[in-house]
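In: whatever this is, show me its structure:
(one chain, ligands or ions: 2)
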Amino acid sequence: MSNRPYTPGDEARIMTIQRYIAETERNHPGATGEFSTLLRNLALAAKIVSREVRRAGLVDILGRASVTNVHGEDVRKLDVFANRMIINAMESGGQLCVMASEENESIIPIPEEFPCGHYAMLFDPLDGSSNIDVNVTIGTIFSIYRRVSTECRGTDADVVQPGDKQIAAGYIMYGSSTLMVFTTGNGVQGFTLDPTIGSFLLSHPDMRIPERGRYYSTNEGNRQLWDEGFRRYIDYLQTPDPEGSRPYGARYVGSMIADVHRTLLYGGIFAYPSDRRNPDGKLRLMYEANPMAFIVEQAGGRASDGTRRLMEITPKDVHQRVPVVMGSVNDVQEAEAFIAGTR
Ligand code: AHM
Ligand code: MG
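Out: Ligands and ions are numbered 1, 2, ... in the order given. As a prediction, the model looks like this:
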């Protein structure tokens with residue numbers, strides 16, 4: 001899609017997410033449609049969560065004005081609410097065998113009353129918890145695998161697979177607009193929700209990350225807790241060079257989706273390294289790091305834990321944490337060199 005202004009007749013070229021999924025499926029002879037239905041259900045779940053996120057502030061005002069304050073609890077617990085809505089939207093579709101969520105300690109089996117399918121889904125219903133109540137961008141992250149167990153209702157093995165085995169991943173960002181960005185291993189597509197017609201429209205086709213950027217994104221409040229190598233790397237980015245390619249600008253929202261999305265579009269680096277307080281990092285491998293790594297790699301970038309490719313890590317636990325360094329290839333390689341002490 002070009003950036004030229006709208007001209008009459010453009011409607012014919014509009015690519016909705018439904019049409020995109022259907023056309024992609026047509027290019028896969030033998031596809032049963034199960035996976036396409038799963039993606040369509042996800043888009044629907046995204047719309048429902050988006051509606052609730054958009055209404056949250058309003059509901060809060062109404063809630064405070066009312067004596068009973070019936071909605072107040074929902075607003076404060078918007079992440080729990082989003083979790084419930086995604087489970088509701090996905091469990092009855094018949095495509096999933098099991099789910100896992102940041103909000104649930106154990107795996108989420110598909111209830112007996114619904115058919116079970118060939119896929120497993122992990123998700124973080126509303127990432128960026130510190131930003132939920134202050135009207136700053138938050139989002140949903142998802143990751144989809146093929147079932148590997150022989151159990152129709154799935155087991156832990158289905159949701160604890162290496163990131164390399166993902167067959168789809170993406171995020172829905174509730175920012176100035178609602179955007180759904182995903183990959184099925186064939187590039188990265190971004191769709192913006194047009195609230196007037198209730199459809200996701202292709203707005204960011206074939207997203208590519210620049211090979212190098214001008215921004216770094218990390219929580220510098222942790223500086224004194226960082227390892228020497230990463231501290232030296234950030235010092236390096238802040239040091240002016242004669243060519244003017246440094247210092248880099250600092251950008252940090254504190255919502256991984258927003259920070260990685262900006263990094264995808266402008267290039268640069270997003271990092272949540274290990275530190276003295278979080279020796280394994282803060283972010284979760286299975287439903288935060290791996291899906292975002294899949295997106296970043298599919299856009300031509302690089303995603304590691306500082307020393308090895310995130311998607312090659314053999315996971316042990318659905319909630320395990322991992323250090324994260326992702327973004328433009330050249331920037332991430334440079335960070336890895338500082339972390340390894342070779343620069
Ligand atoms: P959450 O799952 O509790 O929302 O935590 C994950 C979030 C990420 O979105 C973000 O990158 C990071 O935590 C920010 O952490 P910090 O506040 O320590 O900078
Ligand atoms: Mg999270």
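In: buried ones in stretch 134-149?
Out: Thr137, Ile138, Gly139, Thr140, Ile141, Phe142, Ser143, Ile144, Tyr145, Arg147, Val148 (16 or more other CB atoms under 10 Å). Every residue, glycine included, has its C-beta placed from N, CA and C.
In: ditto for stretch 280-295
Out: Buried, per 16+ other CB under 10 Å, within stretch 280-295: 281-295.
In: please enumerate the strands of the stretch 151-300 of the chain.
Out: For the stretch 151-300 of the chain, the strands defined by DSSP state E, counting those that start in this stretch cover 166-174, 178-183, 188-194, 199-204, 215-217, 249-250, 269-272.
In: centre of the chain to the fifth one, how far?
Out: The one in question is strand 215-217. 18 Å (CA atoms, centre = their mean, to the nearest Å).
In: who's Arg284 bridged to?
Out: For Arg284, the beta-bridge partners under DSSP bridges are Arg321.
In: pretty sure it is touching Asp317, no?
Out: No. Applying CB atoms under 8 Å as the test, Arg284 and Asp317 come out as separate, 9.7 Å apart.
In: in a strand, Gly139, correct?
Out: Yes. Read with DSSP: H, G, I helix; E, B strand; the rest coil, Gly139 is one of the residues of a strand.
In: tell me how many other residues crowd Gly187.
Out: 13 (other CB atoms under 10 Å).
In: quick one: it from ligand 2, how far?
Out: Applying CB to the ion, to the nearest Å, the value for Gly187 to ligand 2 is 25 Å.
In: so what's that residue closest to, chain neighbours aside?
Out: Nearest residue to Gly187, sequence neighbours excluded (CB to CB, 6 or more residues apart in numbering): Asp206, at 5.0 Å.
In: turn the strands of the stretch 151-300 of the chain into CSV, columns for mean pLDDT and mean neighbour count.
Out: Below are the strands of the stretch 151-300 of the chain laid out as CSV (pLDDT from 0 to 100; neighbours: other CB atoms under 10 Å):
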stretch, mean pLDDT, mean neighbour count
strand 166-174, 97, 25
strand 178-183, 97, 24
strand 188-194, 97, 22
strand 199-204, 96, 18
strand 215-217, 98, 24
strand 249-250, 98, 12
strand 269-272, 98, 26
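In: any idea which of these gets closest to ligand 1?
Out: strand 269-272 (5.7 Å; CB to the nearest ligand atom).
In: check the offset of that closest one from the chain's centre.
Out: On the basis of CA atoms, centre = their mean, strand 269-272 sits 14 Å off its chain's mean C-alpha point.
In: how about the lengthiest helix in the chain, does it reach ligand 1?
Out: The longest helix of the chain (DSSP state H) is helix 34-65. No. Judged by CB under 6 Å from any ligand atom, helix 34-65 makes no contact with ligand 1; its nearest approach is 13.9 Å.
In: show me what counts as buried in that helix.
Out: Within helix 34-65, the residues scored as buried using 16+ other CB under 10 Å are 35-43, 45-47, 49-53, 56, 59-60, 63.
In: for the chain, give me the ranges with low pLDDT.
Out: Residues of the chain meeting the criterion pLDDT under 70: 1-12, 57-76.
In: one more pass at 80, please.
Out: For the chain, the stretches with pLDDT under 80 are 1-13, 28-30, 56-77.
In: okay, domains of it per the record?
Out: 12-204, 215-340 (automatic domain parsing).
In: now do the same end-to-end measure for the last one.
Out: Between the opening and closing residues of domain 215-340 there is a gap of 22 Å (CA to CA, to the nearest Å).
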